[in-house]
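In: Make a model of this:
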Amino acid sequence: MIKKVDSKHVEVITQATVMLLKPCMDKVLTIADKGKEFAGHESIAQQLNAVVYFAHPCSSWERGLNENTNGLIRQHFKKGSSFENITESQVEDVMQKLNHRQAPEY
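Out: As a prediction, the model looks like this:
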């Protein structure tokens, strides 16, 4: 799931995370991330009935799925590009493409 947010403020990230994950909270057992924007982790954990873990600094391998997904998203929105001009529709389109990719045939 991908959501465009207006800022990295704690309240905005907390609200967006809960909004995205609440519909499937029965499948959300743990959340792992790092960063000051997740300072609202206690609220996220309580609202989703999940446990939040934080990766160790400089240990990106502890967040493999997240790092891979970021890379896939960056294939559509190049690093250094401004997200101010990206629309919700564009974000939804990328999420749809990533969620419905076909496995390569060998």
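In: hmm, what's the outermost residue in the chain?
Out: Tyr106 (30.5 Å; Cα atoms, centre = their mean).
In: so what pLDDT did it get?
Out: With respect to pLDDT, Tyr106 scores 82.
In: Just confirm Ile31 is within a strand.
Out: Yes. Under DSSP: H, G, I helix; E, B strand; the rest coil, Ile31 falls within a strand.
In: how about it, what does it touch?
Out: Ile31 sits next to Thr17, Leu21, His41, Ile44, Ala45, Leu48, Ala50, Val51, Val52, Tyr53 when contact means Cβ atoms under 8 Å, 6 or more residues apart in numbering. Where you see a C-beta, it was placed from the backbone N, CA and C, and this is true even at glycine.
In: Over to Glu105: give its phi and psi.
Out: phi -90, psi 130 (degrees, to the nearest 10).
In: Roughly how far does it sit from Lys4?
Out: Glu105 sits 33 Å away from Lys4, going by Cβ to Cβ, to the nearest Å.
In: do the same with Ile31
Out: In terms of Cβ to Cβ, Ile31 sits 19 Å off from Lys4.
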